[in-house]
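Colleague: What follows is a predicted protein model with its sequence.
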Amino acid sequence: MRALAYSIIFMLLLVGCSQGQAPEGGLTATLSVTTHDGVIFPATEVNFREGESVFDVLQREMRTAGIHMSARFVPITNTAYVEAIANVYEFEQGALSGWTYLVNGDSPSISASSYSLTDGDAVEWVYTRERL
């Protein structure tokens, strides 16, 4: 029951926090989303606010572009987990397939919802058949 309550609160926060447009000027990063079949969202410079996470920016930009995205809240770690982008879901290509992200070519060891962007970061979301 507690996990359900946290999930509902988290989803409400996600919807409420990401309704606005990207901030103008200031901090920028490059965002791209790809699968083994091609490009879903080409490398694009996006604006973000100080303190925003990789997940925050992905969610806002997918919503703005009209690209489907599904994520769930993980109460035990207090993080978000990306299940699908553009209707490409985790585990569709095997037990280890799913969405992962890179920042400046490296695979961070923390959730995208915990990773705060810095100016000039290059973020790549990649659907992989094997975890990085």
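Modeller: Perfect, thanks for sending it. From a predicted model like this one, the values you see are computed outputs, not experimental measurements.
Colleague: Next, the residue nearest in space to the middle of the chain: secondary structure please.
Modeller: Closest to where the C-alpha atoms of the chain average out (C-alpha atoms, centre = their mean) is Phe55, at 3.5 Å. In the three-state summary, Phe55 is assigned as helix, counting by DSSP: H, G, I helix; E, B strand; the rest coil.
Colleague: Model confidence at it, what's the number?
Modeller: Note on Phe55: pLDDT of 98.
Colleague: The one 4 residues further on now?
Modeller: Reading off the confidence values, Gln59 has pLDDT 98.
Colleague: how close does it get to Tyr89?
Modeller: Here the criterion is C-beta to C-beta, to the nearest Å. By it, Gln59 lies 16 Å from Tyr89. Where you see a C-beta, it was placed from the backbone N, CA and C, and this is true even at glycine.
Colleague: okay, these two: which has more neighbours?
Modeller: The residue with more neighbours, out of Gln59 and Tyr89, is Gln59; 21 against 15, by other C-beta atoms under 10 Å.
Colleague: Surely Asp56 touches Asn47?
Modeller: No: the criterion here is C-beta atoms under 8 Å, and Asp56 misses it with Asn47 at 11.9 Å.
Colleague: residues contacting the residue nearest to the centre of the chain?
Modeller: 71, 80, 82, 111-113, 115 (C-beta atoms under 8 Å, 6 or more residues apart in numbering).
Colleague: How about Gly98: what's its closest non-neighbour residue?
Modeller: Distances taken as C-beta to C-beta, 6 or more residues apart in numbering place Glu90 nearest to Gly98, at 3.6 Å, with adjacent residues excluded.
Colleague: isn't that neighbour right up against Ser97?
Modeller: Yes: counting by C-beta under 8 Å, Glu90 does reach Ser97; the two are 6.5 Å apart.
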